[in-house]
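S.K.: Provided below are the primary sequence and the corresponding predicted coordinates.
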Amino acid sequence: MGFPELLQFTFAGLKNGAVYALLALGFTIVYASTGVINFAQGEFYMLGGMLAAFLFAAYGLPLPFAAVGAVAVAAGVGVVFELLAIRPRKDGDPLALIIITVGGSILIKALSRHVFGPDEVSMPVFTRGASLEVAGARLELQTLWIWGLTATTVAALTFLYRRTAFGRAMRACAVNRRAARIVGVDTRTMVMASFGLAAALGALGGLAVTPLTQMRFDAGSSVALKGFAAAILGGLGSPVAAVVGGVVLGLLESMSIAFLSSTYKDAVALVVLLAVLFMRPQGLLGRARREKL
Amino acid sequence: MPRLTPRGVLVAAVAAAAIAAILGGCGRSAASAEPHRIGVIVSLTGSYAGLGDPEKNALIMEQERVNDEGGVNGRSIELVFADDGTDEARAVTAASKLIEQDRVVALIGATGTGQSMAIRGDIRRSAVPQVSMAGGTVITDEFDENVFQTPWSNTIVVPFVLDYLRERGLTRVALLTDAGGYGKDGHAIVTAEAPKAGLEIVEDQTFKPGDTDMTAQLTRIKGSDAEVILMWAAGKEAVTVANNREQLGIDLPLVGGPGNARREFIQGAEEAAEGFVLCAGRILVPGAYGEDTEEYRVAADFIERYREKFGKDPDIFAGHAYDAFHIVVEALRRLPREYAPVHLRDEIEATSGFVGIGGTFTFSPTDHNGLSADELVMYRVENGEWVLEE
């Protein structure tokens, strides 16, 4: 195998990895504030793509507005979901909340089937143009968009977490919810905000991918599974950990296609995930901590 | 009258009330005008919803037409729909309910191969004839005297496509299949038939339904000495394959099967779909039959009525449903007004020369698919439309 092929496999891995990372970020954010895995995360990915395509096609909105609108609506759905389904469960029992998110996932999927119909929808790429040629490998412009969006998101999230009062409050809430409340952090708002933020990130991933893959009402779950694996691999800790988890998972998949066979790509990724967890239960970048789930 | 259990009495009473309500004001007695009740299992939710939806549309349209024309032997047709949610377990529940409670005389369905096979137990037990709208070879290969199938099975389509490749001198084939039921079925038959057709599979790649990127698989194919990419997949991932092939600058021809004969494919892949070659029945371009044929009149009439009612062109799945419906209805027409259930199965098997949308069906005691490669043609995507490949 020559260098151009190797580079091409790397591009493929990094592209999928960036998408997994956006989903993993959503898992990480909700986990930090509530201690639960939000199994509805994949539905926000789906909603992002469906809504953007819908706003673009049905209302003729320019693409950037359709994209922003889709992220905003998805975030709104995330907030409403928290208010209606998560908040009423006052004791915060993680197991009950996880079951609630599974139910939410089924509900959102069924509703989109009825609103958007059973067929896949399409959306144009953000920037038209031929693929770039990089050292013999091809790089399509939409991939650059996906990378750019992921990088910007991680930078913005890191800034939010480290530099703003709001972000510090979220982190405090993640470290110890009761202690945070005692020092005056409105933890309920933090949980709500985390659901909204996670939904927005999922939606961003979905709408960035839709021009390449189309989107359909049931497309969320399989990608969410990958995002979940990436989040666990990274360690459910910081935004950087989510990105590392996503990129490692994406590269593992494409390299197993390169050197083994596409039949085994998911199996290889899963075996490595298990091996990592066996040796480092806290994930690649996680710190050892008390297990909540 | 069969045995009168309390439940039986209740069902009969409810049924009689329902029939009376339907026929209210009509002069006939309820008993003599009881409808032919046919069960339908389709996927209206889940991943095959995009296939089940047009199937249901076509069935409702044809039911209305037959009933408006006076029904069958003075009895109307009543379709009882059940959604299997693209789930085997729900298909089984639906089949039991339709057979035991609704007492249907025949079952049309299911949409998917897995669901069609899952209800095999109920079909065997009850001997209610089943006409499946799914394309998996296994449905008629694992032969059951009560089970029929309307799509062209892969055993017919694959050799046809391989012949096309050989005629073009494309003997080194890169195979790209989805790991779902349809792709797996195609994969098994392609790998078995290719040596017989004098073709060599030089690269064999798969992807999972839901995968968002195929550039890694296509890079492997690009690095091989393949002369053509043969894709066997039924889902939206076909669009990703077409897009990624374009993006990688691979100029090998891309060839597919009936699973890609959906408008959504062209809409999603746009320019990347140009030049894509696929094999399907003639419904995509009914003119392929020649304009003064019975086949053309049936297809053109169906397309026109469907377009008028639903505002879009029917796809091949609507066609499979049309065929399943009329195969059952034509068999009912040949039967007397009252008949034993086993005779319906026999009459369906006696279907001969029935001109449908997928082709001309002739069943036999050993062939319950009833189609031949004569019904197939190759298409090419040109300017966003299907055109006949010369």
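M.R.: The structure has been received and is ready for your questions.
S.K.: where does the stretch 51-200 of chain A come near chain B, residue by residue?
M.R.: A:110, A:113, A:117, A:118, A:119, A:120, A:122, A:124, A:131, A:138, A:140 (Cβ under 8 Å from any Cβ of the partner chain). No exception for glycine: its C-beta is placed from N, CA and C like everyone else's.
S.K.: give me that answer again for 7 Å
M.R.: Contact residues (Cβ under 7 Å from any Cβ of the partner chain) of the stretch 51-200 of chain A with chain B: A:110, A:113, A:118, A:119, A:120, A:122, A:131, A:138, A:140.
S.K.: out of these, which is most surrounded?
M.R.: In terms of neighbour count, residue A:120 stands highest of these at 27 neighbours, by other Cβ atoms under 10 Å in any protein chain shown.
S.K.: Pretty sure that residue sits against residue B:235.
M.R.: No: under the criterion of Cβ atoms under 7 Å, residue A:120 makes no contact with residue B:235, lying 8.4 Å away.
S.K.: what's the offset of the longest helix along chain A from the middle of its chain?
M.R.: Using DSSP state H to define each element, chain A has its longest helix at helix A:3-34. From the chain centre to the centre of helix A:3-34 is a distance of 9 Å (Cα atoms, centre = their mean, to the nearest Å).
S.K.: re earlier: what's the closest of the residues of the stretch 51-200 of chain A next to chain B to chain B?
M.R.: The closest of those to chain B turns out to be residue A:118 (Cβ to the nearest Cβ; 3.2 Å).
S.K.: got a list of what that closest one touches?
M.R.: If you count contacts by Cβ atoms under 7 Å, 6 or more residues apart in numbering or on different chains, residue A:118 has them with A:217, B:49, B:50, B:53.
S.K.: Turn these into a markdown table, including distance to residue B:313, pLDDT and neighbour count.
M.R.: Below are those laid out as a markdown table (distance: Cβ to Cβ, whole Å; pLDDT from 0 to 100; neighbours: other Cβ atoms under 10 Å in any protein chain shown):
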| residue | distance to residue B:313 | pLDDT | neighbour count |
| --- | --- | --- | --- |
| A:217 | 22 | 90 | 28 |
| B:49 | 18 | 85 | 22 |
| B:50 | 14 | 85 | 23 |
| B:53 | 14 | 92 | 22 |
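S.K.: Excluding residues flanking it in the chain, which one is nearest the residue nearest the centre of chain B?
M.R.: Nearest to the geometric centre of chain B sits residue B:133, at 3.4 Å (Cα atoms, centre = their mean). Leaving out its chain neighbours, the residue that sits closest to residue B:133 by Cβ to Cβ, 6 or more residues apart in numbering or on different chains is residue B:320, at 4.3 Å.
S.K.: Distance check, the one you found against residue B:143.
M.R.: 20 Å (Cβ to Cβ, to the nearest Å).
S.K.: hmm, back to that, what is the strand or helix carrying the residue nearest to residue B:133 packed up against?
M.R.: Secondary structure assignment for residue B:320, by DSSP states H and E: helix B:316-334. The contact analysis (3 or more Cβ pairs under 7 Å, 6 or more residues apart in numbering or on different chains; DSSP states H and E) places helix B:316-334 against helix B:49-68, strand B:106-109, strand B:130-132, helix B:341-349.
S.K.: between those, which gets nearest to chain A?
M.R.: Going by Cβ to the nearest Cβ, the one of those nearest chain A is helix B:49-68, 3.2 Å.
S.K.: tell me which residues in that closest one are buried?
M.R.: Of all the residues in helix B:49-68, those buried under the rule 16 or more other Cβ atoms under 10 Å in any protein chain shown are B:49-63, B:66.
S.K.: Of the residues you listed, which are in range of chain A?
M.R.: Answer for the buried residues of helix B:49-68 near chain A (Cβ under 7 Å from any Cβ): B:49, B:50, B:53.
S.K.: mind putting these in TSV, distance to residue B:115 included?
M.R.: Formatted as TSV, these follow (distance: Cβ to Cβ, whole Å):
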residue	distance to residue B:115
B:49	13
B:50	15
B:53	15
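S.K.: Residues in contact with the helix or strand where residue A:273 lies: which ones?
M.R.: According to DSSP H and E, residue A:273 maps onto helix A:265-279. Contact with helix A:265-279 is made by A:229, A:232, A:233, A:249, A:252, A:253, A:256, A:257, A:260, A:284, B:208, as judged by Cβ under 7 Å, 6+ apart.
S.K.: Farthest-apart pair in those, please.
M.R.: Maximum pairwise distance among those (Cβ to Cβ): 24.1 Å, between A:284 and B:208.
S.K.: The closest residue to residue A:83 other than its chain neighbours: neighbour count?
M.R.: Nearest residue to residue A:83 in three dimensions, chain neighbours excluded: residue A:192, at 6.7 Å (Cβ to Cβ, 6+ apart). Residues contacting residue A:192 under the criterion other Cβ under 10 Å number 20.
S.K.: Check which helices and strands whichever strand or helix holds residue A:192 sits against.
M.R.: Following DSSP H and E, one finds residue A:192 within helix A:187-213. Judged by 3+ Cβ pairs under 7 Å, 6+ apart, the packing partners of helix A:187-213 are helix A:3-34, helix A:41-58, helix A:63-81, helix A:141-163, helix A:165-175, helix A:177-182, helix B:237-247.
S.K.: So which of those helices has the densest surroundings on average?
M.R.: Highest mean neighbour count among the helices and strands packed on helix A:187-213 (mean count of other Cβ atoms under 10 Å in any protein chain shown): helix A:41-58, with a mean of 27.
S.K.: Pretty sure residue A:286 sits against residue A:244.
M.R.: No: here residue A:286 lies out of contact with residue A:244, judged by Cβ under 7 Å, at a distance of 10.5 Å.
S.K.: ok now stretch B:74-88, how far from the chain's centre?
M.R.: From the chain centre to the centre of stretch B:74-88 is a distance of 15 Å (Cα atoms, centre = their mean).
S.K.: nope, stretch B:165-172 is what I meant
M.R.: Distance, centroid of stretch B:165-172 to centroid of chain: 28 Å (Cα atoms, centre = their mean).
S.K.: contacting residues around the closest residue to chain A within the stretch 201-350 of chain B?
M.R.: Proximity of the stretch 201-350 of chain B to chain A (Cβ to the nearest Cβ) peaks at residue B:210, 3.1 Å away. Listed by Cβ under 7 Å, 6+ apart, the contact partners of residue B:210 are A:219, A:222, A:223.
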